[in-house]
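S.K.: Requesting a structural model of the entry that follows:
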Amino acid sequence: MERETCEHCGTKRTDDVRCGRCGALFRAPDPPIVLGRRFLLERTIGVGSMGVVHLAHDKRRAREGSDLVAVKQVAPEHADDPEARYRFAREAAALASVRHPNVIRVVGVGEDSAGASFVAMEYVPGPSLEQVIVDRAAAEQWLPLPRALAIIRALAAALGAVHAAGFVHRDVKPSNVLLEEGTGRPVLIDFGLARAPARASSKSLGAGTPWYMAPEQVDDEDALDLEISARTDVYALGCTAYEVLTASPPFPSVDLEELKAQHLHAEPPLPSSLRPELLPVDQALLRALAKDPRQRFPTPEALAEALDRAFPC
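M.R.: Just a heads-up that it's a prediction; the model follows:
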């Protein structure tokens, strides 16, 4: 039975092909939509605040047996917004400059018939890390420590590659990590906020996600002297690692002002207070979550190494 509402935005469906609000495709349109003479759109698999992601077929790879790709376009309501178009182009540039097995890979960029940019990426089937954490918590299970540490190690390596390319991701979180079906490979996605450090000093509530936002990303007088750098991603990776290991972010409040204050001034609960076997990593995670960037680990890899030393294989 066909859904009466759009699964992505909840709007009542008035068309059997495309959502009138968010632009999601419910099925392959007829006539087909082909972007860049190459990417044949099949259906929408994700809708965010700024972009729409479609499952598509790459005509150049049709004979290889693995022609599926994910194509991201600016959301319809932002198509005429210069800032949105700039952010989209910046994401494409950031992604295209990074080559690492744990970073989503760009396979093509271009513009549609209306002049709106798109970026085509490898398609990674599988759940988000956030979904895996939620499902495990619902079953009252932790992620096994070896698996959790392997995921954190892979994300640290991915961020190292991002930083080596001259960017700060600025939005590292479990929902921006896919776990590939079959292989379990963690893949870092969503570079919509990525910037070169020299251009990443501006602060706004949109520059990150509240539960994983470093103090220097908070729009507050107490954060004015803190500059966004690679250590901003170390903080977010620390928040992500904390959640991977405990099934809770360091500060789980749903109140935005309270979250801001906690990131700026509060010490998170020791991980071992939520999961006693984590006692060996308490100090490493607290260092990753230091309010002053200079007191954090200098690189994501250094954080991962500290966790590995706490639990040697």
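S.K.: Going by C-alpha atoms from here, please, whenever you check contacts or count neighbours.
M.R.: Will do.
S.K.: Could you report the distance from A28 to L55?
M.R.: 10 Å (C-alpha to C-alpha, to the nearest Å).
S.K.: Counting neighbours, go ahead and name the busier of those two.
M.R.: L55 (23 against 17; other C-alpha atoms under 10 Å).
S.K.: quick one, what contacts the more buried one?
M.R.: 41-45, 68-71, 123 (C-alpha atoms under 8 Å, 6 or more residues apart in numbering).
S.K.: circling back to that earlier point, what touches both of A28 and L55?
M.R.: 41-43.
S.K.: Name the spans of the stretch 151-300 of the chain whose pLDDT lies under the cut-off.
M.R.: For the stretch 151-300 of the chain, the stretches flagged by pLDDT under 70 are 191-208, 219-225.
S.K.: where exactly do the helices run in it?
M.R.: For the stretch 151-300 of the chain, the helices defined by DSSP state H, counting those that start in this stretch cover 230-246, 256-265, 271-274, 282-288, 300-310.
S.K.: right, and A157 touches E301 too?
M.R.: Yes. Using C-alpha atoms under 8 Å, A157 makes contact with E301 at a distance of 6.2 Å.
S.K.: picking that back up, now secondary structure too, for the contacts of L55, in a markdown table please.
M.R.: As requested, the contacts of L55 are exported to a markdown table (DSSP: H, G, I helix; E, B strand; the rest coil):
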| residue | secondary structure |
| --- | --- |
| L41 | strand |
| E42 | strand |
| R43 | strand |
| T44 | strand |
| I45 | strand |
| L68 | strand |
| V69 | strand |
| A70 | strand |
| V71 | strand |
| Y123 | coil |
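S.K.: Need the buried ones from these selected in ChimeraX.
M.R.: Remark: buried members of these, expressed as a ChimeraX selection using 16 or more other C-alpha atoms under 10 Å:
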select :41,42,43,44,45,68,69,70,71,123
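S.K.: And the contacts of L55, which is closest to L245?
M.R.: For the contacts of L55, the residue nearest L245 by C-alpha to C-alpha is Y123; the value is 27.1 Å.
S.K.: Enumerate every residue touching the closest residue to that closest one other than its chain neighbours.
M.R.: Nearest residue to Y123 in three dimensions, chain neighbours excluded: V69, at 4.4 Å (C-alpha to C-alpha, 6 or more residues apart in numbering). Applying C-alpha under 8 Å, 6+ apart to V69 gives the contacts 55-58, 120-123.
S.K.: switch the cut-off to 6 Å
M.R.: 56, 121-123 (C-alpha atoms under 6 Å, 6 or more residues apart in numbering).
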